[in-house]
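J.: No sequence on hand, only this structure:
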């Protein structure tokens, strides 16, 4: 299914560009619109799912306090001690789990893990996986229960 691969690829690119924007936002405290404008100028941006990118970048920035509150219950350290990359990846995963019901929870977790593998520290992907795996049943209890209660 070539069309499906292309759609998945554009979503992954959207997550990667959102990650870059969130990283920049954490480090530079610039307003979201100037970060957004900068990211849109990056090479290959046109190949991303722009609607998903918009939802992730602006949604994570607008809701970072609520996302941090949800995540903090499953962190082993204060939010301020997270690396900016892992923090942004966790926001993206938590945002997708909260608001993107078209993305299955396992996909949201796996995509966050892949982002952490590509852009984060050596074992950051394991940390991201653990945190989001604990958060998923809180945010999507029915979906998680239906997949975890089936045969293994």
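T.: Done, it's in. Computed from a prediction, not measured in an experiment: that's the story for all the values here. Numbering: from 1, shown residues only.
J.: Just checking the distance from stretch 35-46 to the centre of its chain.
T.: Centre-to-centre, stretch 35-46 and its host chain are 18 Å apart (CA atoms, centre = their mean, to the nearest Å).
J.: start to end distance for it?
T.: Using CA to CA, to the nearest Å, one end of stretch 35-46 lies 16 Å from the other.
J.: Same question for stretch 44-52.
T.: End-to-end span of stretch 44-52 (CA to CA): 15 Å.
J.: If you count neighbours, what's buried in that stretch?
T.: 45, 48-49, 52 (16 or more other CB atoms under 10 Å). To be clear about C-beta, it is placed using only N, CA and C from the backbone, and glycine gets the same treatment.
J.: again with stretch 126-145
T.: Neighbour counts over stretch 126-145 (16+ other CB under 10 Å) mark 127-129, 131-133, 135-136, 139-140, 143-144 as buried.
J.: got it, and stretch 84-99?
T.: 85-98.
J.: What of stretch 58-76?
T.: Using 16+ other CB under 10 Å as the test for burial, stretch 58-76 gives 58-61, 63-64, 67-68, 70-71, 75.
J.: tell me the mean pLDDT over stretch 22-41?
T.: Averaged over stretch 22-41, pLDDT sits at 93.
J.: Residues touching that stretch, excluding its own?
T.: Here stretch 22-41 makes contact (CB atoms under 8 Å, 6 or more residues apart in numbering) with 17, 20-21, 45, 53-54, 57-58, 60-62, 84-85, 87-88, 91-92.
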